[in-house]
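Engineer: please find the sequence and the predicted model below.
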Amino acid sequence: DYSGRSVIVVGPSLPLHQCGLPREIAIELFQAFVIRGLIRRHFAPNLRAAKSLIRDKEPIVWEVLKGVMQGHPVPLNRAPTLHRLGIQAFQPILVEGRAIRLHPLVCGGFNADSDGDQMAVHV
């Protein structure tokens with residue numbers, strides 16, 4: 001199991017059930033799933049070739065990653081978790097930058113704002 005942590009920012013264009021994951025975090029979290037997808041779809045003959053595609057950031061890697069992310073909701077957690085809304089699951093989508101994006105209406109459940117608060121994401 002993998003996890004990551006980043007600053008949160010507001011993403012008002014996101015639906016309530018989605019969170020924006022930075023490409024760097026997403027490829028690291030879902031790397032095992034992407035490798036399996038690349039090999040199964042015959043884009044890479046073996047593990048070494050698949051890792052090379054990921055390292056070189058080939059366009060096909062992002063397509064496979066998007067497909068993998070559609071079937072894997074991720075829980076987001078803002079510490080301290082004092083009540084049940086402190087951990088919620090979201091459908092991840094890829095975003096540019098290094099910050100996790102959330103719709104402003106779901107920030108209240110986490111008691112979060114956009115002044116440097118950090119959240120953890122888990123797979």
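Structural biologist: Cool, the structure landed. Residues are numbered from 1 along each chain as shown.
Engineer: can you pull the buried residues of the helix or strand of the chain with the lowest mean pLDDT?
Structural biologist: Least confident helix or strand, the chain: helix 107-110 with a mean of 92, by mean pLDDT, DSSP states H and E. Neighbour-count burial for helix 107-110 flags 107, 110 (criterion: 16 or more other C-beta atoms under 10 Å). In this view, the C-beta of every residue, glycine as well, is placed from N, C-alpha and C.
Engineer: what does stretch 20-27 give?
Structural biologist: Those would be 20-23, 25-27, for stretch 20-27 by 16+ other C-beta under 10 Å.
Engineer: kindly export it (C-alpha atoms) in PDB.
Structural biologist: Output of stretch 20-27 as PDB, limited to C-alpha atoms (Å, rounded to 0.1, in the frame of the first residue of the first chain):
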ATOM      1  CA  GLY A  20      -7.400  16.300  -8.200                       C
ATOM      2  CA  LEU A  21      -4.200  14.400  -7.700                       C
ATOM      3  CA  PRO A  22      -0.900  15.800  -9.000                       C
ATOM      4  CA  ARG A  23       0.700  13.700 -11.700                       C
ATOM      5  CA  GLU A  24       3.900  13.100  -9.600                       C
ATOM      6  CA  ILE A  25       1.900  11.700  -6.700                       C
ATOM      7  CA  ALA A  26      -0.500   9.700  -8.900                       C
ATOM      8  CA  ILE A  27       2.100   7.900 -10.900                       C
END
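Engineer: so for that stretch, mean pLDDT?
Structural biologist: Across stretch 20-27, pLDDT averages out at 97.
Engineer: ok, and what's touching it?
Structural biologist: Stretch 20-27 has contacts (C-beta atoms under 8 Å, 6 or more residues apart in numbering) with 4, 6, 11, 14, 29, 34, 54, 61-62, 65, 69, 74, 92-102, 121.
Engineer: thanks again, I'm all set now.
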